[in-house]
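K.L.:
below: sequence and its predicted model.
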Amino acid sequence: MENNQDYQQQPNYQQQPNYQQPQGYQQAYDSSPRPVKPDNNLVWAILCTVLCCLPLGIVSIINATKVDNLYNQGDYAGAQQAADDAKKWAMWGAIISAIIMVIYLVIVVFAGVAGAL
């Protein structure tokens, strides 16, 4: 019955627990404001894919979808770079498509003129 006394003792709920941070753990508070999230240019990437140039549009969509994830991870420079790359690929897709359309129209006009002769 000696052990019975140990079970009858009530725990002391008034005492505050002593929580300590693990060694090597530092909680960093950055007081600097977050930069504005760059536009991911996803609309332009989708329009380029659907209307213009499929391969370059897909590359643009991939870069556009990286922007939000990189920004939320705190990689602001990487998010800006991905946004710039998405815009660049969408623009190149539109430019190449415009050049191909002009070449196609020139060929059709010359074929029509040659056929009329």
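P.N.:
Great, that's in hand.

K.L.:
do a quick rundown of the helices in this structure.
P.N.:
4-8, 42-47, 54-72, 76-116 (DSSP state H).

K.L.:
nearest to Pro35, out of these?
P.N.:
helix 76-116 (5.1 Å; C-beta to C-beta). Just so you know, the C-beta spots here come from the backbone N, C-alpha and C atoms, and that holds for glycine as well.

K.L.:
how far does the closest one sit from the chain's center?
P.N.:
Taking C-alpha atoms, centre = their mean, to the nearest Å, one finds helix 76-116 lying 25 Å from the centre of the chain it belongs to.

K.L.:
same check on stretch 34-46?
P.N.:
On C-alpha atoms, centre = their mean, the centre of stretch 34-46 falls 8 Å from that of its chain.

K.L.:
which outside residues touch it?
P.N.:
Applying C-beta atoms under 8 Å, 6 or more residues apart in numbering, the external contacts of stretch 34-46 come out as 57, 60-61, 63-65, 67-68, 71, 76, 79-80, 82-84, 86-87, 89-91.

K.L.:
any of those buried? List them.
P.N.:
57, 60-61, 63-64, 67-68, 71, 79-80, 82-83, 86-87, 89-91 (16 or more other C-beta atoms under 10 Å).

K.L.:
low-confidence ranges, the chain, go.
P.N.:
1-31 (pLDDT under 70).
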